[in-house]
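Chemist: Need the 3D shape of this:
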Amino acid sequence: MIIPAHNAEKTLRRAVESVLAAMEFVESDAVIASHRQDQEENPVPLFEILIVENGSEDATEFIARSLQAEHEDSVRLLKSEKGVSNARNRGLEEAVGEKILFLDADDFFTEGAGEVLRDSLHFTGTDLIIFSYEAGSQLMHVCSSGGERFYGAQLEEICVRIIENPTRYTSVWSKIFRRDCIESLHLRFDPSLRLSEDSLFLIRYLEGCRRIRLIDRTFYHYSTEGNSVVRSWDGTKEEGYKQSLNAVLKYLKTQPAQIRGAGAGYAMMQFNLLMVREVFSLSNPLSMREKFAAMKKIAGEEPFASAIAEYDPGRHKGTRYLPFRMLRYGQAAGAAAIYLARAVQNARRENG
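Modeler: Numbers count the residues shown, from 1 in each chain. Just a heads-up that it's a prediction; the model follows:
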């Protein structure tokens, strides 16, 4: 378990203790306990929590050291250069377990997480397990209640679905990765990316997957309160989204045609994020006229212009693509109204 921790004094203990509670349940399982007793001397611990403090200016490091002292067999403090990518990379360098999970310091494992994680240990041949999750008060489903499995020729289908739905699928939390798969790909997070760095990591990881499983059970709570980099307006996100999008599109050019074709959908979803979280954010002091002009300007620039030009009503269905239908057919004012409404909805949800 890798937990990047930057200025997380208010939430870090909650995050770590939620993992400890879940893993205590896993360790109590009779089958798992019996297996551990059968191991050779000096067995590898069932789990380890790696807290990676990176440039905090509050009491985060003190709290992390306290947690390490209280749980010396399962919690270890590491330090890295500032930045979530640097922190996650340091964790990957130090991790020794077969499975890798990521937890953001302001999130936590839900009650009952131990049972979900225990049951997932049976899927030993699966390279990636994606779970449904809580986002604030909402339950975000990643599949039907029966779950889904993909292998062989089916893999392209789920890869396309993941890439075209980045807000639902391409975070690295609420998933279980195989460490040997990460290492075989020589995969690390790109510290130069300020936004969507986890999307690039997850999409690149798909290349090494031979079996992927989606499970409609939750163990992860994503906290929507507070001012994260993604959720807060700062007037500088346009370049960050373009930089990360270009990195993903560059990588997708090396992939088979069907997966490469998902790039347009991915780019349109990144445009949606930029509009809702930045341009039409209620914290953005620009006038509505200025926001409208900014939307049209960005839509006409690369890499978004090429993606919007590939909008296909037969393929790109659902309300999330409605702004692109309007942009393509000269109804930019309607697209702006949708983005404003979504920005209002997000603000209400995140402010309680």
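
Chemist: Against which helices or strands is the longest helix seen in the chain packed?
Modeler: With DSSP state H setting the assignment, residue counts place helix 332-350 as the longest helix in the chain. Using 3 or more CB pairs under 8 Å, 6 or more residues apart in numbering; DSSP states H and E as the contact criterion, the secondary-structure elements in contact with helix 332-350 are helix 288-299, helix 322-328. Using the backbone N, CA and C atoms, a C-beta is placed for each residue, glycine as well.

Chemist: Need the winner for burial among those.
Modeler: When neighbours are counted by mean count of other CB atoms under 10 Å, the highest per-stretch mean among the helices and strands packed on helix 332-350 falls to helix 322-328, a mean of 19.

Chemist: Residues contacting it, please?
Modeler: Among residues not part of helix 322-328, those counted as contacts by CB atoms under 8 Å, 6 or more residues apart in numbering are 268, 271-272, 275, 299, 308, 311, 313, 316, 331-332, 334-335, 338-339.

Chemist: Closest one of the residues you listed to residue 223?
Modeler: Proximity to residue 223 was ranked across those by CB to CB; first place goes to residue 272, at 21.5 Å.

Chemist: if I pick the closest one, what's in contact with it?
Modeler: Taking CB under 8 Å, 6+ apart as the criterion, residue 272 is in contact with 167, 320, 323, 339, 342.

Chemist: Go ahead and list the helix or strand containing it.
Modeler: Mapping residue 272 onto the secondary structure by DSSP states H and E places it in helix 263-274.

Chemist: next one: residue 26
Modeler: Using DSSP H and E, the secondary-structure element containing residue 26 is helix 12-27.

Chemist: Report the buried residues of that helix.
Modeler: Residues of helix 12-27 classed as buried under the neighbour-count rule (16 or more other CB atoms under 10 Å) are 12, 13, 15, 16, 18, 19, 20, 22, 23, 26, 27.

Chemist: from what I can see the last one touches residue 46, true?
Modeler: What it means is residue 27. Yes - with contact defined as CB atoms under 8 Å, residue 27 counts as touching residue 46 (5.7 Å).

Chemist: Tell me where the stretch 151-300 of the chain is predicted with low confidence.
Modeler: 226-232 (pLDDT under 70).

Chemist: Do you have the strands of it handy? List them.
Modeler: With DSSP state E, counting those that start in this stretch as the criterion, the stretch 151-300 of the chain has strands at 175-178, 211-222.

Chemist: nearest to residue 252, of those strands?
Modeler: Between residue 252 and the strands of the stretch 151-300 of the chain, the shortest separation by CB to CB is 17.7 Å, and it involves strand 211-222.

Chemist: helices or strands up against that closest one?
Modeler: Of the remaining helices and strands, those touching strand 211-222 by 3+ CB pairs under 8 Å, 6+ apart are strand 108-109, helix 113-120, strand 128-135, strand 148-151, helix 155-164.
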